[in-house]
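**Q** Curious how this folds, go ahead:
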Amino acid sequence: MISAGRIMAVMIKEFVQLTRDRLTYAMILAVPIVQLLLFGYAINNDPRHLPAIVLDQDRSAFSRSALSALANTGYFRFVGEAASPRELDAALESGRAQFAITVPADFSRRVVRGDDAQVLIEADASDPTTVGGAVGAATGLPAQALAHDLKGALASRAGGAPFEIVVHRRYNPENVTAYNIVPGLLGIVLSMTLVMMTALALTRERERGTMETLLSTPVRPLEVMIGKLAPYVGIGLIQTAIILVLAKLLFGVPFMGGWAALSIGVVLFIVGSLSLGFFFSTLARSQLQAMQMSVFYLLPSLLLSGFMFPFRGMPGWAQAIGEAIPVTHFLRIVRGALLKGVGIEATWPSLLALTAFVAAMTALAMSRYRTTLD
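**A** Here you go, the predicted model:
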């Protein structure tokens, strides 16, 4: 006969065991809270206040009114004024600006004459979701933007659209989502496999006792780390090659160049991910804990790096967290190299961030491993 007392005893034992495993207990409480906060506050598919740089060659009351109308939509935030088209290109390539706006020198003259005046908006469309709302808001502006300026003899011009917004979507003119998602998958796949594989493999050795045999040898901690992680570097490079080849063959992702920046970024990211996995293995007491820590790292990497949702659509605090995640910088390097063809000169901030990540993770892993040795 089933005994309620025995069932209760097993339940109490299980609750006690759960409270002893502090990491699992923390994950049970933390994961739903983190997901709620991220999805509720940080995720936004209609980003506003996107950085824009302006080249106003007309410098007239009409051009100022047109630019003010763009700013009043809430989608554009002017972060600088360029002196030449080359500066506009540099701002888009480096990611400093999402939009480059050009007002031609004959803008006001064409408005007065009713002669097809135009304002050019060049959008960094490598992520189509980011620019969609802003482009839609801009195309509806001309009918009202100059309403207060076209008076008297020019009042007849206010009846229609006195100028036209011309939009050029650069780097992804056809708004193909795969061009943005597939290169981003490289960072997610490498994080998911390398961090988890390394953490699980080293924790498994500790559980089986083979790590104790290794600790009894004269091998130094750094030598152990290099020897154990070197094979996984090769695995990461093979994964990278497979993903890039399939991205080209199956999805037609353009390879515009930037191979030097891409190569350095891939190596730094692989080494950093493996060092992070090594660090997790020094903290975990079991393979379950190693997997839990890996999953907890992957959650913000998916949501706050700009892979699934527009990075600039997140609030400031979420962007600050995202800047601390290595996947964010790796995605900028990969997308910049493949879609824009930019090199080290445009991606050096992200390369520097990955270098700092590798140094920090290596130092932490070595510190923890020495503690384990002692």
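
**Q** lowest average confidence, helix or strand, in this protein?
**A** Lowest on mean pLDDT, DSSP states H and E among the helices and strands of the chain sits helix 210-215, with a mean of 68.

**Q** Can you name every helix or strand that the helix or strand where E207 lies contacts?
**A** Element membership of E207 [criterion: DSSP states H and E] is helix 196-208. Judged by 3 or more Cβ pairs under 8 Å, 6 or more residues apart in numbering; DSSP states H and E, helix 196-208 is in contact with helix 210-215, helix 221-251, helix 259-283, helix 287-303. To be clear about C-beta, it is placed using only N, CA and C from the backbone, and glycine gets the same treatment.

**Q** how about 7 Å then?
**A** On a contact count with 3 or more Cβ pairs under 7 Å, 6 or more residues apart in numbering; DSSP states H and E, helix 196-208 meets helix 221-251, helix 259-283, helix 287-303.

**Q** could the ones you listed be laid out in JSON lines, adding mean neighbour count?
**A** Shown next, in JSON lines, are the helices and strands packed on helix 196-208 (neighbours: other Cβ atoms under 10 Å):
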{"stretch": "helix 221-251", "mean neighbour count": "15"}
{"stretch": "helix 259-283", "mean neighbour count": "23"}
{"stretch": "helix 287-303", "mean neighbour count": "19"}
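
**Q** So for A134, which of these sits nearest?
**A** helix 287-303 (22.2 Å; Cβ to Cβ).

**Q** Downstream of the closest one, the next helix or strand is which one?
**A** By DSSP H and E, the next helix or strand past helix 287-303 is helix 316-323.

**Q** Can you list the buried residues in that following helix?
**A** A318, Q319, I321, G322 (16 or more other Cβ atoms under 10 Å).

**Q** Got the phi and psi for V176?
**A** The phi/psi pair for V176 (degrees, to the nearest 10) reads phi -80, psi 120.

**Q** give the contact list for it.
**A** V176 makes no contacts at all, as judged by Cβ atoms under 7 Å, 6 or more residues apart in numbering.

**Q** swap in the one 3 residues further on?
**A** If a contact means Cβ under 7 Å, 6+ apart, then Y179 has N172, V253, L339 as its contacts.

**Q** pLDDT of whichever helix or strand it is part of, averaged?
**A** Using DSSP H and E, Y179 sits in helix 177-190. Helix 177-190 shows an average pLDDT of 90 in the prediction.
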